[in-house]
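In: quick one, structure for this:
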Amino acid sequence: MSKLWAPRTAWGTCVLAIAASAAAAQQVLPTGRTFSAPGFASGPAASGPPTQPVASAAAPAPHVSTLLAPSAGETPATPPATAATPSMRPAAVRSDQWSPEEIAVAKAQCNLKLKGLDAVVIPVEPFKQGGCGAPAAVQLVSIGKSPQVSLSPPPVLTCDMVAALGQWLKEGVQVAARNHLGAPVIRIDVMSAYSCRGAYGRAHNRLSEHARANALDIRSFIAANAAESALLADWGPTAREIRHQVAMAKAAAEREAAAKSVASAKPVTPPAGAVALATSPTAEPEKTTSVATGASSLGTLIEGVPGLRLPGPRQGEANSGYGLAVPSRLGGPKPTATVVGAPTAHARSLFLREIHASACRIFGTALGPEADAFHRNHFHVDMAARSLRNICE
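Out: Take a look at the predicted model:
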């Protein structure tokens, strides 16, 4: 009997174990937790990914702590307050605006530059256009004292430029004006100041100092005696213009010499009529008409050319002041009025060249007519920082 019941007992034990497993599988598992029956090892992993709740596409993925339900007796965990923590990142500054720090520093430096300087300026609001602009620029109305030098039109400049202009006027311009023009400068004609553009004639057309309100272009200087010294009219010929004139004269001389060489190589046979006229003893000498300086001879006709009359009064006419006679001061065009004590063209040229040399000692860049064709009619001065030496051309 024991042998017959042994297999049945083992089979019954297996049946009871299977029933217990099925009962355990029907229990409700706690949300978010893994349950495993005591004494049972976990089975092999499923071939597909574990099934998870499908979140809405618009909703962000929740924190992992929200997926776990607390068991009995546990204190719920407090989620980190990341959303409520204020950001420590500074407020973003627009690319077309200066930061408050940049403006404050620039204004403080401007006040130091203008301290003790005789200048009439109008503060300009900070402005920025990409890489152009200035955080603390001013509009310069006049500068200096006894005399006060006005700028027309008033340019927008940095305070560094205003301070440099004051130094240049005091140490260079006014000294040269008294020596060569006979009077101090009272006005500067401005060609250009602030302009958001690239530099003329430079590699890759980099940003000009004009784009930073850090440069000034000057057309002319007017002295107290009304004498104007303009770069285009009074600088005089530049070195490149002189070289060009020499080259042109040399080429013309070479062409003339070549033409003479060709002409001398060919024999010239005079016309038959000309030879007979020269050798004929009966040929009458050619009549010539001499032009006298008197008014009576000026009204005569040239012999052999009917109807042609030299300029001058006719018989019985008064001298009008035109022609070869001495002009009359009673009528006709008057001589051009000249400024009493006005400097000569040579003096104006010396003045411009001397103040250009003094500008090279003060500004980071000083360009004039000798630099290139772009600067033939004006001075360009700026306060660009130079690592090695100032640019003087």
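In: which stretches in this protein count as helices?
Out: 2-25, 100-114, 159-168, 174-180, 231-234, 239-265, 272-279, 295-298, 345-360 (DSSP state H).
In: comparing these, which gets the lowest mean pLDDT score?
Out: Lowest mean pLDDT within the helices of the chain: helix 295-298, a mean of 40.
In: distance of the residue lying closest to Arg240 once chain neighbours are set aside relative to Ile355?
Out: Sequence neighbours aside, Glu370 is the residue nearest to Arg240 in space, at 7.8 Å (criterion: Cβ to Cβ, 6 or more residues apart in numbering). Glycine gets a C-beta too; all of them are placed from N, C-alpha and C. According to Cβ to Cβ, to the nearest Å, Glu370 stands 14 Å off from Ile355.
In: those two: which is more packed in?
Out: More neighbours surround Ile355 than the other of Glu370 and Ile355, with 26 against 16 (other Cβ atoms under 10 Å).
In: where's that one relative to Leu181, distance?
Out: Taking Cβ to Cβ, one finds Ile355 at 11 Å from Leu181.
In: average pLDDT across stretch 379-388?
Out: Stretch 379-388 comes out at a mean pLDDT of 90.
In: count of residues packed around Arg386?
Out: 11.
In: was I right about it contacting Phe363?
Out: No: look at Arg386 against Phe363 with Cβ atoms under 8 Å: they stay out of range, at 9.8 Å.
In: per-residue confidence for Leu93?
Out: Careful, residue 93 is Val; it's not Leu. Val93 is assigned 53 on the pLDDT scale.
In: can you check Gly130 too?
Out: At Gly130, the pLDDT recorded in the model is 86.
In: how many neighbours does it have?
Out: Neighbour tally, Gly130, other Cβ under 10 Å: 10.
In: go on, the one 4 residues further on?
Out: The burial count assigned to Ala134 is 22, neighbours taken as other Cβ under 10 Å.
In: which residue packs closest to it, ignoring adjacent ones?
Out: Ala213 (4.3 Å).
In: who are the contact partners of the one you found?
Out: Residues in contact with Ala213 (Cβ atoms under 8 Å, 6 or more residues apart in numbering) are 133-134, 137, 156-158, 161, 193-194.
In: for Val149, name its beta-bridge partners.
Out: Val149 has these beta-bridge partners by DSSP bridges: Ile143.
In: quick check, it in contact with Leu169.
Out: Yes: if you go by Cβ under 8 Å, Val149 and Leu169 touch, sitting 6.0 Å apart.
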